[in-house]
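**Student:** Please work out how this folds:
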Amino acid sequence: MGTSLLLPIIDLSSPEKISTAQLIRQACLEHGFFYVKNHGISEELVERVFKESKGFFNLPLEEKMALLRRDLLGYTPLYAEKLDSSLSSIGDSKESFYFGSLEGVLAQHYPNQWPSEGLLPSWRQTMECYYKNVLSVGGKLLGLIALALDLDEDFFEKVGALNDPAAVVRLLRYPGEVISSDVETYGASAHSDYGMVTLLLTDGVPGLQVCRDKSKQPHIWEDVPAIKGAFIVNIGDMMERWTNGLFRSTLHRVMPVGKERYSVALSFPFFLIPIQIANVLGKLKEKFL
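**Tutor:** Below you'll find the model as predicted:
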């Protein structure tokens, strides 16, 4: 592993919204990554999410394949994805399960797939509870990001960006052992996220790395260690484009470390209908474009 990157730590419980927003602004200008602590999601719920996630990934492959991903939601097996398509290696060494909206138009058109209650009786209840809680955290964070952009705190809410948000939770498992290959294998090859913002929790096993300057060759990679109880937050491509490159969507990857690794990520939100995009861009045009 490389050198560790010291990222800013944002206290979401702080009553000083303006100073907190200023810290977020600086983090988004310099790194595109930061930590969020005191977010209000209980340690007990987080532990349940990781326990249920492990329970799913430990199921026989045929049970997981019965929930094979469709319309972005469901199970993706090991090596089925490769986030950096320029690589000659096999797919990324990870398996995943995606679920999204619980209600509204999107939930009707893109229903979630859930494991059988006979196999995992508490799974759906736990994941739905986490989804609602982390969605609330994401809403608060977007309010602070709006302030960091010198906008009204409720900017994203007013333009409709939070109406029926297509936020997706990704449960991820990286195996400790990877297939032997002549080329380097990645847990998640180099990529940037395509949404507005991503909130990530890990089980503490290292592996996440960021490259702060994606235009510089060769890339310089720095480790992002986990902080117990804190989210690792990163800006996505959509936010970078909306701010005309002011806030950075940073290249990152996950390296195998010889130990099984679990994480759970919320992309918030990664899809808006055209009228919502028009509303957001119309409001941001004078400021950033």
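**Student:** Helix, strand or coil: sort out residue 264 for me.
**Tutor:** Classification of residue 264 using DSSP: H, G, I helix; E, B strand; the rest coil returns strand.
**Student:** That one pairs with what?
**Tutor:** residue 171, residue 201 (DSSP bridges).
**Student:** Residue 254 now?
**Tutor:** Applying DSSP bridges to residue 254 yields these beta-bridge partners: residue 188, residue 208.
**Student:** Tell me if I'm right that it and residue 174 touch.
**Tutor:** Yes. The pair residue 254 / residue 174 is scored as a contact, 6.3 Å apart, by C-beta atoms under 8 Å. Quick note: C-beta positions are derived from backbone N, CA and C, even for glycine.
**Student:** Next, show the common contact partners of the two.
**Tutor:** 94, 187, 188, 207, 261 (C-beta atoms under 8 Å, 6 or more residues apart in numbering).
**Student:** Can you tell me which of the residues you listed comes closest to residue 11?
**Tutor:** residue 207 (25.9 Å; C-beta to C-beta).
**Student:** Surely residue 138 and residue 266 touch.
**Tutor:** Yes. With contact defined as C-beta under 8 Å, residue 138 reaches residue 266; the gap is 6.3 Å.
**Student:** Need the overlap of contacts for the two.
**Tutor:** 167, 199.
**Student:** hang on, the earlier thing: reformat the shared contacts of residue 254 and residue 174 as CSV; add distance to residue 43.
**Tutor:** Shown next, in CSV, are the shared contacts of residue 254 and residue 174 (distance: C-beta to C-beta, whole Å):
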residue, distance to residue 43
94, 25
187, 25
188, 26
207, 22
261, 19
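**Student:** Most neighbours out of these, which is it?
**Tutor:** For the shared contacts of residue 254 and residue 174, neighbours were counted by other C-beta atoms under 10 Å; the highest total belongs to residue 94, with 26 neighbours.
**Student:** how far away is the closest residue to that one other than its chain neighbours from residue 130?
**Tutor:** With C-beta to C-beta, 6 or more residues apart in numbering as the criterion, residue 94 has its nearest non-adjacent residue at 4.9 Å, and that residue is residue 174. In this view, residue 174 and residue 130 are 20 Å apart by C-beta to C-beta, to the nearest Å.
**Student:** Comparing these two, which shows the higher neighbour count?
**Tutor:** Legend: neighbour count by other C-beta under 10 Å for residue 174 and residue 130, higher for residue 174 (26 against 23).
**Student:** tell me the contacts of the more buried one?
**Tutor:** 93, 94, 187, 188, 207, 254, 256, 260, 261, 262, 263.
**Student:** and if we set it to 6 Å?
**Tutor:** 94, 187, 261 (C-beta atoms under 6 Å, 6 or more residues apart in numbering).
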